[in-house]
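1. next one to model:
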Amino acid sequence: MAMALCCPANGSDVLVPQVEAPGTEHQHAPINFLYGHLHDAIRTELRNLSTWALQLEASSEQDVVHRLLHLKERYHFLEQVYKYHSSVEDEVVYPALDTKVKNVTSAYSVEHQDEEYLFEHLGSLLASALAQDGAERGATVRKLICKIEEIHITLRKHLAKEEAQLLPLLLQHFSHAEQAELVAQFMYCIPLDT
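-> Residues are numbered from 1 along each chain as shown. The predicted model follows:
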């Protein structure tokens, strides 16, 4: 059972020990920022991308361009978030984990490369759909919908695998301070203009 110190609600300077419920000691672990909150945000954006893509087929020709532009904007946002997430894992988190647990992260880096290719292909399909019209655009929109679904499934599996296999290792082998340092390095890697 873990204990934490907290300030009482009355604002006094006396710190009172607070006992965490069994099984919740990792709930506030810093690494949960990456493997909890950020993964949830990526999943939400993936769901939204899928929803917006499916709306394309039911849209009028005039409305399709507006929806494609919106989809392109959301795609760029998700691509950026995912790119930073993956690069920090590849450059910071995985090497740190490899120093404590050997041979567990290389497959994840390969998956990141494959996912980057999926994003590039999606960007190409979006550009094509915006440049086309009529039946040609309709065919590209159907390919676009399939590609978004492929990305959705691939990334959800990847994120779930990281949470099931890597997160427990990070929680087990890294102290609270070491986890906080990994999260800080993640935050330092994101450009301010993002």
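2. low pLDDT regions in the chain?
-> 1-27, 192-194 (pLDDT under 70).
3. could you dump stretch 63-74 to PDB, C-alpha only?
-> Provided in PDB are the C-alpha atoms of stretch 63-74 (Å, rounded to 0.1, in the frame of the first residue of the first chain):
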ATOM      1  CA  ASP A  63     -19.900  19.800 -49.600                       C
ATOM      2  CA  VAL A  64     -17.300  17.200 -50.300                       C
ATOM      3  CA  VAL A  65     -14.500  19.800 -50.900                       C
ATOM      4  CA  HIS A  66     -15.300  21.500 -47.600                       C
ATOM      5  CA  ARG A  67     -15.300  18.200 -45.800                       C
ATOM      6  CA  LEU A  68     -12.100  17.100 -47.500                       C
ATOM      7  CA  LEU A  69     -10.400  20.300 -46.400                       C
ATOM      8  CA  HIS A  70     -11.600  19.700 -42.800                       C
ATOM      9  CA  LEU A  71     -10.500  16.100 -43.000                       C
ATOM     10  CA  LYS A  72      -7.100  17.200 -44.300                       C
ATOM     11  CA  GLU A  73      -6.700  19.600 -41.400                       C
ATOM     12  CA  ARG A  74      -7.500  16.900 -38.800                       C
END
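4. next, the buried residues of stretch 175-185.
-> Along stretch 175-185, these residues count as buried under the neighbour rule (16 or more other Cβ atoms under 10 Å): Q179, L182, V183. Where C-beta positions appear, they are placed from N, C-alpha and C, glycine not excepted.
5. can you map out the helices along this structure?
-> With helices called from DSSP state H, the chain shows them at 32, 39-57, 61-88, 94-100, 106-131, 134-161, 167-173, 176-188.
6. and stretch 95-114, how far from the chain's centre?
-> The chain centroid and the centroid of stretch 95-114 are separated by 17 Å under Cα atoms, centre = their mean, to the nearest Å.
7. and if you look at stretch 89-96?
-> How far stretch 89-96 lies from its chain's middle: 15 Å, per Cα atoms, centre = their mean.
8. also stretch 75-91?
-> Centre-to-centre, stretch 75-91 and its host chain are 7 Å apart (Cα atoms, centre = their mean).
9. contact partners of it?
-> Contacts with stretch 75-91, where a contact means Cβ atoms under 8 Å, 6 or more residues apart in numbering, come from 34, 38, 41-42, 45-46, 49, 108-109, 112, 115-116, 119, 122-123, 126, 155, 162, 185-186, 189-190, 194.
10. sounds good, over and out.
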